[in-house]
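Asks: predicted coordinates and the sequence they were generated for:
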Amino acid sequence: FPTLVPVVSQMTALIPKMHLARHKLDCRYRWSLNFTYGVGRTCGELIETVWSELNQPNGSIKEMNHGHYHDTLDDLYSDWNWSKVQNMSQS
């Protein structure tokens, strides 16, 4: 995906707060969400909540070719996000 190179070059890798406690003290400051410019208050663990849902189709996904694999993951994440948006009004 060469068109994504400019986007990826602007990304910053950080460690979610729950996992940060297991790292060395130096890592806690360097990779913390708390000390990174432009990051709002978040736990950073939300991405992991999707994994439990993605474990269900995992057997089928791992057999797909590269393009189909990415398309299917895109569809699954889109459905997950759409479901969250639909349920926001109910809470």
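Replies: Thanks, I have the structure now.
Asks: flag the shaky bits of this protein, pLDDT-wise.
Replies: Filtered on pLDDT under 70, the chain yields the residue ranges 43-48, 90-91.
Asks: can you give me the helices for it?
Replies: 5-9, 17-20, 25-30, 46-54, 58-61, 66-88 (DSSP state H).
Asks: what are the buried residues along the second one?
Replies: Yep, that's helix 17-20 we're talking about. For helix 17-20, a neighbour-count test (16 or more other Cβ atoms under 10 Å) marks residue 20 as buried. (Each C-beta comes from the backbone N, C-alpha and C, glycine too.)
Asks: dump that helix to CSV, restricted to CA.
Replies: This file holds the C-alpha atoms of helix 17-20, laid out as CSV (Å, rounded to 0.1, in the frame of the first residue of the first chain):
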residue,chain,number,x,y,z
LYS,A,17,-1.5,2.1,29.8
MET,A,18,-2.3,-1.4,31.1
HIS,A,19,0.8,-2.9,29.4
LEU,A,20,3.1,0.1,30.1
